[in-house]
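**Student:** Sharing a model prediction with you, sequence too.
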Amino acid sequence: MSKPFLSLSLDMDNQWSYMKIHGEEGWKEYPSYLDIFVPHVLQVLDELKLKITFFIVGQDAAFERNHKYLKNIADAGHDIANHSFKHETWLHLYTKDEMRQEIDKAHDIIKEVTGKEPIGFRGPGFSWSATLLEVLAEKGYAYDASTLPTVIGPLARLYYFHTSNLSKKEREDRKEIFGKFSDGFRKLKPYFWKLKHDKKLLELPVTTMPFFRIPFHLSYLLYISTISTHLMMLYLNFAILLCKLTRTQPSFLLHPLDLIGGDQISSLAFFPGMNISSDRKVFIFKKVMNRLAKHYTLVDMNTHVAAILNKNSLKSVIINGSFS
């Protein structure tokens, strides 16, 4: 009997986007670590024989200096998806015209640079809205992956505000980053949004622990590993058990700083977890992937989506409500 799917994706947030989110000066010069990170992550993924989805920011694709590295990702056989153009966590505030321009601009430049046309989207900071979903459906996207069904969003936001250098206006723009407590009660399994004009769009939430709705993607596992690797594995094993009991096929999220440390990117030493060495992060990543691979077939998002659509294996109810 074949193992169920688990899809792997990496939000390709660059150095400038981390600086922008945290209100650090100098982000408008668009400093980049893609020349360091891309060869690093491609080597690690190749060692594990993994193909994943990279959610690419359009602004990075617009700079010629990044073209080689982004093309290398596609040429290595990885899936490519859209992570917006400007990487603004207040994307949910955009008008429909602004949203359409944002999606189109990112889509076109990502396709031009990588040679692959995105069919999926994830909002920066898990930002999404009915307007976003409508624009994606009208554009013919196969799926959205912007929701994070967790109850700890407000706590994460408080920590984010405490550790960042944001103006009052910037805090207002970001006041819904990481979502509301009520978001923790959204569907964990893939489901369809039912939109205007009888359009539908598949949603693949970033998986959190069933019942408890707390995250277990790699950033959280790395944090727990600083306390105890054994505790981290217990946490991961419990999350896997609950996913299997509920027949949840996970969507597992990665970020660049999950795989590379301050020893290689010293300019982001202020960021949480950057005191962990790159070697240690890669060790943890491989340990986690090996454990997940015992229970799941590890695939990219496109493969996961195709299986859901082609086999009609969707179990969740169609969402109605204010979007219909």
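**Tutor:** Yep, that arrived.
**Student:** T53 and L10 touch, don't they?
**Tutor:** Yes. At 7.2 Å, T53 and L10 qualify as touching, with contact defined as CB atoms under 8 Å. For glycine as for every other residue, the C-beta is placed from the backbone atoms N, C-alpha and C.
**Student:** Neighbour count: these two, which is higher?
**Tutor:** T53 (28 against 25; other CB atoms under 10 Å).
**Student:** Report the beta-bridge partners for that one.
**Tutor:** Listed by DSSP bridges, the beta-bridge partners for T53 are S9, D79.
**Student:** need the contact list for Y30.
**Tutor:** Residues in contact with Y30 (CB atoms under 8 Å, 6 or more residues apart in numbering) are 14, 16, 59, 63.
**Student:** pLDDT score assigned to the third one?
**Tutor:** It stands for Q59. Q59 carries a pLDDT score of 98 in this model.
**Student:** any idea where the helices of the protein begin and end?
**Tutor:** Ranges of helices within the chain are 15-21, 34-48, 58-61, 64-75, 96-114, 130-139, 153-163, 168-173, 218-225, 229-245, 278-293, 301-311, based on DSSP state H.
**Student:** Between its first and last residues, what's the separation in stretch 52-67?
**Tutor:** 19 Å (CA to CA, to the nearest Å).
**Student:** in that stretch, what's buried?
**Tutor:** 52-62, 66-67 (16 or more other CB atoms under 10 Å).
**Student:** And stretch 103-112, by the same measure?
**Tutor:** 103, 105-107, 109-110.
**Student:** residues contacting A76?
**Tutor:** Counted by CB under 8 Å, 6+ apart, A76 has contacts 42, 45-46.
**Student:** 10 Å instead, please
**Tutor:** 38, 41-43, 45-46, 51, 54 (CB atoms under 10 Å, 6 or more residues apart in numbering).
**Student:** And it, how far from G120?
**Tutor:** Distance, A76 to G120, by CB to CB, to the nearest Å: 18 Å.
**Student:** burial of the closest residue to T89 other than its chain neighbours, as a residue count?
**Tutor:** In space, not counting the residues next to it along the chain, T89 is nearest to G125; the distance is 3.3 Å by CB to CB, 6 or more residues apart in numbering. If you count neighbours by other CB under 10 Å, G125 ends up with 25.
**Student:** G125 and Y18 touch, don't they?
**Tutor:** No. Taking contacts as CB atoms under 10 Å, G125 lies outside contact range of Y18: 11.5 Å.
**Student:** hey, what's in contact with both of these two?
**Tutor:** H87.
**Student:** Pass me the low-pLDDT residue ranges in the stretch 51-200 of the chain, would you?
**Tutor:** Within the stretch 51-200 of the chain, the segments meeting pLDDT under 70 span 153-179, 181-182.
**Student:** Thanks again, I'm all set now.
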